[in-house]
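> Would you be able to build a 3D model of this:
(one chain, ligands or ions: 2)
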Amino acid sequence: MVKTTTLLLEHAFINGEWQQADTGKTFPVRNPATGDVLANVADCSALDATRAVEAAAEAFKTWRHTTAKERATILKRWFALINEHQDDIALLMTQECGKPLAESKGEVAYGGSFIEWFAEEARRVYGDVIPTNAQGRRLLASKQPIGVCTAITPWNFPLAMITRKCAPALAAGCTVVVKPAEATPLTALALAELGRQAGLPAGVFNVVPASSGKDVGAVLSEHPLVRKVSFTGSTPVGKILLKQAANTVKRVSMELGGNAPFIVFDDADIDAAVAGALASKYRNTGQTCVCTNRFLVQSGVYDRFAEALAKAVSGLKVGNGADEGVTQGPLINEAGVQKVERLVDDARNKGATVLLGGKRHALGGSFFEPTVLTNVTTNMAVAQEEIFGPVSPLFRFETEEEAIQMANDTPFGLAAYFYSRDIGRVWRVAEALEYGMVGINEGIISTEVAPFGGVKESGLGREGSRYGIEEYLDIKYMCMGGL
Ligand SMILES: NC(=O)c1ccc[n+]([C@@H]2O[C@H](COP(=O)([O-])OP(=O)(O)OC[C@H]3O[C@@H](n4cnc5c(N)ncnc54)[C@H](O)[C@@H]3O)[C@@H](O)[C@H]2O)c1
Ligand SMILES: O=C[C@H](O)CS(=O)(=O)O
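Ligands and ions are numbered 1, 2, ... in the order given. Just a heads-up that it's a prediction; the model follows:
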């Protein structure tokens, strides 16, 4: 069970107050490693979501007129409080989503970094004075906050996926309503409490947990007072929200699914490639949107890479993420394990070799053995489906052109990785890959200072970097005549 913490909260946070759902209903939040019920959280309804949107709309009338420095000051206090409570938040996160404690602590730092970054960006939202096109007039392009924004977020990064949206929104002068994933609302509620302590005014930041995304999500993507929907999650749900937001022509940001290739060329540094592969594939037990989904290995180094990767993977420690030394936690739920099991069985039945792992872990529950598959071919489901688990399928290729064709043969385009020390090849491959983000001789590339996002069916827009705040601003052209 979660240790005593002042940040274990169960009510919704609407208009600056902790409130039960209007129905009084709650839903259990369980520890995926043990099955223990950690808390019973307010199960918000469409009515609760509507009240939160209305509170955000009322708060926007004032928040939009604060100065950038005033907003930055509050965000910096929020950042400081998150850092002060890093251990408490990390423990909550590990217990509700299962990731190892070290990774949870890393996510608290990563999530907080977006608040720090956009506290700085808030004060650099510049417009333009445009050289006039006629005597007696002056032309300006100014940037203004969009208004009420909603954020619907996934379970695999319970803090960072919220701050990566809310930090730029609040910095820009927008107000926000967040619906966290049903599996991981506790981190979001802790974040709301620290935002309250930091001085975020009532209604500026609201959290409406719910056991299902459908009803609350419909309000957050259709309500006429909502001007922007920012979603992180699966591509199918993203498509639902895009359709719902279209009815009132809302601005959208979509951070969706991935199918990352990890290409190892004959000229790669194999030791570096294995280290990058381990980091890219097995972070959060393979449950990140930018995890490698397909290893494409040139034939000249295939056996050597496969052997070295299997050796490194065999050193991973599976267990409860709260326990010392554990590097692979449980999958988020039974559905997650069944999907991984189905994909591994499909590959095996179509001729893949299980070099390591390949089945549920002896610990039971939603634990799965870290797995390496060789002799994988493109007719297997792992070639097209997002695995979201600790499985490394190794495909073989002969030429650079074949590798690029295989890598791009997917509707997704989020992250891609490749290892090569040939400078010409590096430029050719990096420019040919149809992805929003490319790691070159690097397996972990996400940072608040760089633009995160995908192309094709992996999403729309960018988060973080100097681009992230633009997603929450409108450009207003002003033509001043009679001068
Ligand atoms: N691109 C990125 O930055 C990024 C980051 C993290 C996760 N993801 C993707 O998210 C997926 C895993 O997360 P998940 O299982 O939470 O995704 P999901 O799409 O099942 O759920 C994401 C959120 O959407 C809500 N939701 C579900 N159905 C809804 C509906 N009909 N209307 C409104 N909201 C609804 C859920 O309650 C949750 O809060 C993977 O595909 C992963 O690639 C992408
Ligand atoms: O899973 C999705 C996250 O965006 C991964 S990362 O921590 O931002 O790389």
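
> Contacts only, for the most centrally placed residue in the chain.
What sits nearest the mean C-alpha location of the chain, by C-alpha atoms, centre = their mean, is residue 161, with 4.5 Å. For residue 161, the contact set (C-beta atoms under 8 Å, 6 or more residues apart in numbering) comprises 153, 154, 232, 255. C-beta: built from backbone N, CA, C; applies to glycine.

> Now with 6 Å, please.
For residue 161, the contact set (C-beta atoms under 6 Å, 6 or more residues apart in numbering) comprises 153, 154, 232.

> Likewise for residue 155?
Applying C-beta under 6 Å, 6+ apart to residue 155 gives the contacts 97, 181, 183, 184, 332.

> residues from the stretch 251-400 of the chain in reach of ligand 1?
Residues of the stretch 251-400 of the chain lying close to ligand 1 by C-beta under 6 Å from any ligand atom are 255, 256, 257, 258, 289, 386.

> Quick check: phi and psi at the residue of the stretch 1-150 of the chain found nearest ligand 2.
Residue nearest to ligand 2 within the stretch 1-150 of the chain: residue 110 (6.2 Å; C-beta to the nearest ligand atom). Residue 110 adopts backbone torsions of phi -60, psi -50, taken as degrees, to the nearest 10.

> Start the count at 23 instead of 1 going forward.
I'll keep to 23 as the first residue from here, and by that count the last item is residue 132.

> OK, contacts around it?
Residues in contact with residue 132 (C-beta under 6 Å, 6+ apart) are residue 182.

> now the strands: where do they sit in the stretch 373-505 of the chain?
For the stretch 373-505 of the chain, strands defined by DSSP state E, counting those that start in this stretch occupy the ranges 375-378, 393-398, 413-419, 437-441, 459-462, 481-482, 495-502.

> I'd like to know which of those strands is closest to ligand 2.
Nearest to ligand 2, of all the strands of the stretch 373-505 of the chain, is strand 437-441, at 7.8 Å by C-beta to the nearest ligand atom.

> what's the closest one packed up against?
Strand 437-441 sits against strand 282-286, strand 459-462, with contacts defined as 3 or more C-beta pairs under 6 Å, 6 or more residues apart in numbering; DSSP states H and E.

> Just the CA trace of the first one, in PDB.
Below are the C-alpha coordinates for strand 282-286, written out as PDB (Å, rounded to 0.1, in the frame of the first residue of the first chain):
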ATOM      1  CA  ALA A 282       9.400   3.100 -33.900                       C
ATOM      2  CA  PRO A 283      12.100   1.500 -36.000                       C
ATOM      3  CA  PHE A 284      15.600   1.100 -34.600                       C
ATOM      4  CA  ILE A 285      18.000   0.500 -37.500                       C
ATOM      5  CA  VAL A 286      21.400  -1.000 -36.900                       C
END
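
> picking that back up, Throw the contacts of residue 183 into CSV and include distance to ligand 2, thanks.
What follows is the contacts of residue 183, written out as CSV (distance: C-beta to the nearest ligand atom, whole Å):
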residue, distance to ligand 2
175, 10
176, 7
254, 7
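
> From those residues, pick the one nearest ligand 1.
Of all these, ligand 1 sits closest to residue 176, with 3.2 Å by C-beta to the nearest ligand atom.

> Any regions of the protein where pLDDT drops low?
The chain contains residues with pLDDT under 70 at 23-27.

> Name the residues of it found near ligand 2, please.
So far as C-beta under 6 Å from any ligand atom goes, the chain lies against ligand 2 at 178, 179, 182, 310, 311, 312, 468, 474.

> Closest one of the residues you listed to ligand 1?
Among those, residue 311 lies closest to ligand 1 (C-beta to the nearest ligand atom), at 3.2 Å.

> Quick check: closest non-adjacent residue to that closest one.
The shortest distance from residue 311 to any non-neighbouring residue, by C-beta to C-beta, 6 or more residues apart in numbering, is to residue 280 (4.6 Å).

> Now do the one you found against residue 60, distance only.
The gap separating residue 280 from residue 60 is 29 Å, by C-beta to C-beta, to the nearest Å.

> Settle it for me: which of those two has more neighbours?
residue 280 (27 against 18; other C-beta atoms under 10 Å).

> does that one count as helix, strand or coil?
Classification of residue 280 using DSSP: H, G, I helix; E, B strand; the rest coil returns coil.

> wait, what's in contact with it?
By C-beta under 6 Å, 6+ apart, the contact list for residue 280 reads 311, 312, 434, 436, 437, 480.

> Give me the phi and psi for it.
Backbone torsions of residue 280, given as degrees, to the nearest 10, read phi -140, psi 170.

> How about residue 275?
Dihedral angles (degrees, to the nearest 10) for residue 275: phi -120, psi 130.

> thinking it is in contact with residue 252, fair?
Yes: look at residue 275 against residue 252 with C-beta atoms under 6 Å: they come within range, at 4.2 Å.

> before we move on, back to that, tell me the one of the contacts of residue 183 nearest residue 38?
Nearest to residue 38 among the contacts of residue 183 is residue 175, at 20.8 Å by C-beta to C-beta.

> For the closest one, give me its contacts.
Contact analysis of residue 175 by C-beta under 6 Å, 6+ apart lists 183, 184, 202, 254.

> how close does it get to residue 227?
For residue 175, the distance to residue 227 - C-beta to C-beta - is 13 Å.

> now do residue 365
In terms of C-beta to C-beta, residue 365 sits 38 Å off from residue 227.

> Of all residues in the chain, which one is closest to ligand 2?
Closest point on the chain to ligand 2, by C-beta to the nearest ligand atom, is residue 468, at 3.2 Å.

> burial count for residue 381?
The tally of other residues near residue 381 (other C-beta under 10 Å) stands at 14.

> what does stretch 200-211 rub up against?
31, 51, 63, 114-115, 118-119, 173-177, 180-181, 184, 229-231, 233, 238, 242, 354.

> same deal with stretch 452-463?
With C-beta under 6 Å, 6+ apart, stretch 452-463 has contacts from 426, 429-430, 435-439, 441, 448, 467, 475-477.

> where's that stretch relative to the chain centroid, distance-wise?
Relative to its chain's centre, stretch 452-463 lies at 19 Å (C-alpha atoms, centre = their mean, to the nearest Å).

> returning to what we had before: buried among the contacts of residue 280? Need that as a selection in ChimeraX.
In ChimeraX, this line selects whichever of these come out buried by 16 or more other C-beta atoms under 10 Å:
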select :311,312,434,436,437,480
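
> Give me the neighbour count for the nearest residue in space to residue 163 that is not next to it in sequence.
What sits nearest to residue 163 in space, not counting adjacent residues and going by C-beta to C-beta, 6+ apart, is residue 150, at 4.2 Å. Look at residue 150: counted by other C-beta under 10 Å, it has 12 neighbours.
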